Each structure stands twice: as structure tokens, then as C-alpha cells.
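Engineer: this is a predicted model, with the sequence first.
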Amino acid sequence: MINLVGILLMLLININITLIIEKSNNYKQSERERKTAKIFLHGVMANLQGINLMLALVSLILLPYVLRFLKRAFWDPIRITKSMEAQGIRGPPYKFLHGSTSEANKLMEKSMNTPMELSHNILPKVQPHFHSWIKLYGRNVLTWHGSTPRLVVGETELVKEILSDREGGFPKYEPPEFMKKLLGDGLVTSSGQKWVRQRKLATHAFRSESLKEMIPAIVSSVESMLQKWVKFEGKEIDLFREFCTLTPEIISRTAFGSSYIEGKRIFIKIDELTAICARNFQAIRLPFFRKLVPNQDDIEADKIERDIRESILKLIKRREERKENGDDLLGSLIKAHRENESITLDDIIDECKTFYFTGQETTSIMLSWTALILAINTDWQDKVRSEVLQLFGDRSLTSEDFASIAKLKKVIN
Ligand code: HEM
């Protein structure tokens, strides 16, 4: 292609040269002037030949990339679709560069703009694309994230086989670019020996004795939230918002030994980055393009990532100044970093980001959903309330109480 442009350029210049020479004849210029013009123009020709050679060289270098792109964007989808169809697995059609993401986006947009009836059947609401494809194509569906194939497995036997695989045949998938900024290479995304090391540290920080020790901090956070609710008596209250403040506070205190105020900046930034991730979850962009022409979200995400890093570094520094590690997650990570060179400062930062993110979103949604279900099923609400009042009355919950709260456990599970 580039070569072709070069040849066209040469042809055009050639025509121009002839015209100039003819013009100079018409104007009866001196022999010397014509000679100078000819030498100059032949110089231009030689230069152009050099440019053409360079363009040929560049196109030769680019050729493997172009071929690889064409293979990924055209040939692989055809080949994989055919091979899956031969095994009885079908899915939404592959669209050039977008895969099946544009169809998914359309279904998501429609779902988000329609109110949901109160029901436990949440799949059509939160993942309408999977819901509609499973209905159309069966329990195992081949989908496309751009030109990357993704197999949605719904068949129980296959799910069991995947989850019990010990050979490493089903590795974790590479998270999208923004998700990497959110989770780094922490426990959720890491694999192999690194995952084993991180898992050991997290297991130590969240062992049952430590969990028991966390209860006073959890109770105190819940009590201050309830104290705040007193002024809302008889008024409407946005429980999701309340839980979104409560859970980060608890994670801050239990995993990082800091107050919500100390961790607040990190949580706000994590929320902002989560919003960017959600906006771009189905977005398909070539990594090369992202680097070359970053959009507003790329720039913003880079800035937030830097901010989070700085805030976590400050948290680590404050902990180090206290001269005692503590036995919580941050303490275990700092201790391991001091004793073991294979745990770097970046690893600590990634793990903190991971726990800040995973610990708050999941639990605040779970609490909100439980409250909603109890609000709808008032008979269960009454049962749980009388169980709690009977067991504790006005006193606070302790770790010994867990065994006796049967009905509430049933609701949560
Ligand atoms: C209702 C609450 C929660 C639910 C439903 C939930 C759900 C899950 C699920 C399904 C996974 C597996 C994800 C995967 O392998 O792709 C997971 C992993 C994980 N969760 Fe949670 N989670 C909850 C609460 C929490 C909390 C409170 C924390 C941290 C304080 C947390 C931290 C993690 C971490 C670090 C992983 C990765 C574990 C590993 O790969 O070894 N989660 N969670």
C-alpha cells in the first residue's frame, strides 16, 4: 500500500518534470538554465527513488503486523466459529472489530432504561445479553469481545470440570485495561506462585482468630451508622448510600487499621475508577491507539491510578512510622515485604487496591439486596427482628453470638 503511494507520487512528479522542461523550452531559456533545471529535477527523482525504497522497507516491516491483524480480525473468528459449531456450540454473529459487544451494549442500554419488577430473577436485568443468548443458542455460548473469543459455560458438568482443573488448563483471563488499573496484579488477577504467596498472606490476615478480633471494630462502625439514622425516623433513607459508607469504613479499620477519613481519598478514587471501568467494559480499542491518541477516560484513569498509588504509599509510610506492623492485612504485607524481597512495594499497593475494591462493592450490594428482600417479605423481617431482640436485647453482638443467630444466617445465605 505504502509502496503504491510511493510509485504514484513518482509518476506525478515525473509528469510535472516533463511539463517544467517543456515550459522552459517554450520560454526559450538558455541552454545553461535548462541544464541546471534538468540536474535539479534529476536530483529530485533520485531522492524520490530513495523515499520509495524507504517506504518499501517500512511496508516490509509492517507486513507481519498487518497479516497478524488480518488473521485475528478475519480468519480466526471464521475458523473458531466453524470449529465450535462442529461441537454444537453457537453464539451471536462476529462483527468486524466489535465482535458481539455492540449487540451486548444495545441490550444493556435497553435493560438499564427499563424499570425492574421486584424479583429474584436478576439475570435478564443485569446481564441481558447473556440471558438472551443462552435462550437463543443454548447453555454454552460462543461470544466475541472484539476479536477475542469468550466461551460462556452454563453446563453444570463442564463448570465442575473447569473449577476442579489442577493442570492449569483454564488460566485467569487478562483483565481489560481499566480493570488492570483498578486491581493491579493483586490476588484477583495474579496467578501461579505469585497468587500462592498473596493468598497465604491474605489467609493469614483473615484467619478465624483475626476475624473475631475484627468484630468490635465492625460493631462500632455499625453503631455509629445506626446513631446517624435516628434523625431519619419517619423519613425515607437511601440504604445503598449508607452501606456504601459503612463497608469502606469497615475495610479501612479491619484490613488497613485506618479510619474511613484516612482511607476516604482512596475510596473516592476507587469509585471514580470503577465508574470508568464500567463505562468502558465493552469498549473495543486497539492498545496501540490507546497509547497514541488517549481519550478523556484514558487520561483520567492514569491520573486516578497515580493518585491512589500516592495515597496508599502515604498509608504505608504512616504505618512504618508507627514502628509496629500490626497483624492486619497491611501489617502482614509490610512484614512480608521487609522479610522477603519477592514482595515488592508495587505488590503491596496492588493488594491494597484489590481489597479496597473487592471488600466494599460486594458487601454493600449484598447488604442492600438483603434489606430489600426483608422489606418485601415482612414476615421474615418480623422473624429476624424478634430473633435479634430476643438474643441480644440492647447489648452489642460478640463473636460468641454467631452460632446462635440461625434465622438471620438463613436470610443472608
Ligand atoms: C457478599 C460478599 C462477597 C461476594 C459475593 C464475593 C464474591 C467473590 C467471588 C465470586 C470471587 C471469585 C472471583 C473469581 O475467582 O473470579 C471472589 C474472590 C475474591 N474476593 Fe470476594 N466476595 C465478597 C466479599 C469479599 C470481601 C469482603 C473481600 C475482602 C475483604 C473479598 C475479596 C476477594 C478476593 C481478594 C478475591 C480473590 C481471591 C483469590 O483469587 O484467591 N471478597 N469473591
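Structural biologist: Cool, the structure landed. Residues are numbered from 1 along each chain as shown.
Engineer: what's near enough to touch the spatially most central residue of the chain?
Structural biologist: Centroid-nearest residue in the chain: residue 179, 2.0 Å away (criterion: Cα atoms, centre = their mean). Contact analysis of residue 179 by Cβ atoms under 8 Å, 6 or more residues apart in numbering lists 189, 277. For every residue, glycine as well, the C-beta is placed using N, CA and C.
Engineer: name the helix or strand for it, please.
Structural biologist: In the assignment (DSSP states H and E), residue 179 maps to helix 177-183.
Engineer: do that helix and the ligand meet at all?
Structural biologist: No: using Cβ under 6 Å from any ligand atom, helix 177-183 never reaches the ligand; the gap is at least 9.1 Å.
Engineer: average pLDDT for that helix?
Structural biologist: Averaged across helix 177-183, the pLDDT comes to 89.
Engineer: quick check: next helix or strand after that helix?
Structural biologist: Using DSSP H and E, the helix or strand that follows helix 177-183 towards the C-terminus is helix 192-205.
Engineer: who does that next one touch, helix- and strand-wise?
Structural biologist: Where contact means 3 or more Cβ pairs under 8 Å, 6 or more residues apart in numbering; DSSP states H and E, helix 192-205 is packed against helix 329-339, helix 345-376.
Engineer: rank those helices by pLDDT, which is bottom?
Structural biologist: Taking the mean pLDDT of the helices and strands packed on helix 192-205, helix 329-339 comes last: a mean of 87.
Engineer: CA-only coordinates of that helix in CSV, if you can.
Structural biologist: The C-alpha coordinates for helix 329-339 follow below in CSV (Å, rounded to 0.1, in the frame of the first residue of the first chain):
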residue,chain,number,x,y,z
LEU,A,329,-3.6,-7.3,56.0
LEU,A,330,-1.5,-4.2,55.6
GLY,A,331,0.7,-5.2,58.5
SER,A,332,1.2,-8.8,57.0
LEU,A,333,2.1,-7.3,53.6
ILE,A,334,4.6,-4.8,55.1
LYS,A,335,6.2,-7.5,57.2
ALA,A,336,6.4,-9.9,54.2
HIS,A,337,7.9,-7.0,52.1
ARG,A,338,10.6,-6.5,54.7
GLU,A,339,11.4,-10.1,55.1
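Engineer: how far out from the middle of the chain is the top helix by length along the chain?
Structural biologist: Across the chain, the longest stretch assigned as helix under DSSP state H is helix 31-70. Distance of helix 31-70 from the chain centroid (Cα atoms, centre = their mean, to the nearest Å) equals 45 Å.
Engineer: report the buried residues of that helix.
Structural biologist: Residues 37, 41, 48, 52, 55, 59 are the ones in helix 31-70 that count as buried (16 or more other Cβ atoms under 10 Å).
Engineer: now stretch 379-392
Structural biologist: 383-384, 387.
Engineer: equivalent analysis for stretch 119-135, please.
Structural biologist: With burial defined by 16+ other Cβ under 10 Å, the residues of stretch 119-135 counted as buried are 127-134.
Engineer: now tabulate those in TSV and tack on pLDDT and distance to the ligand.
Structural biologist: Listed next are these as TSV, based on pLDDT from 0 to 100; distance: Cβ to the nearest ligand atom, whole Å:
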residue	pLDDT	distance to the ligand
127	94	14
128	96	20
129	96	19
130	96	16
131	96	19
132	97	23
133	97	21
134	96	19
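Engineer: now do the one helix or strand residue 317 maps to against helix 329-339, angle only.
Structural biologist: Using DSSP H and E, residue 317 falls within helix 296-321. Orientation check (axes from the mean of the first three to the mean of the last three Cα atoms, to 10 degrees): helix 296-321 against helix 329-339 gives 80 degrees.
Engineer: residues near residue 188, how many?
Structural biologist: 20 (other Cβ atoms under 10 Å).
Engineer: show me which residues of the stretch 201-350 of the chain sit near the ligand.
Structural biologist: Proximity of the stretch 201-350 of the chain to the ligand (Cβ under 6 Å from any ligand atom) is limited to residues residue 251.
Engineer: quick one: which of the buried residues of stretch 379-392 sit in strands?
Structural biologist: In strands, judged by DSSP state E, none of those are found.
Engineer: which one of those residues is nearest the ligand?
Structural biologist: residue 384 (17.7 Å; Cβ to the nearest ligand atom).
Engineer: domains in this protein, by residue range?
Structural biologist: Using automatic domain parsing, the domain parsing of the chain gives 2-74, 88-170, 179-374, 377-413.
Engineer: which one of those has the poorest average confidence?
Structural biologist: When the domains of the chain are ranked by mean pLDDT, domain 2-74 comes last with a mean of 69.
Engineer: that older thread, the longest helix of the chain packs against which elements?
Structural biologist: Identification of packing neighbours for helix 31-70 by 3+ Cβ pairs under 8 Å, 6+ apart yields helix 2-26.
Engineer: kind regards, and thank you for your time.
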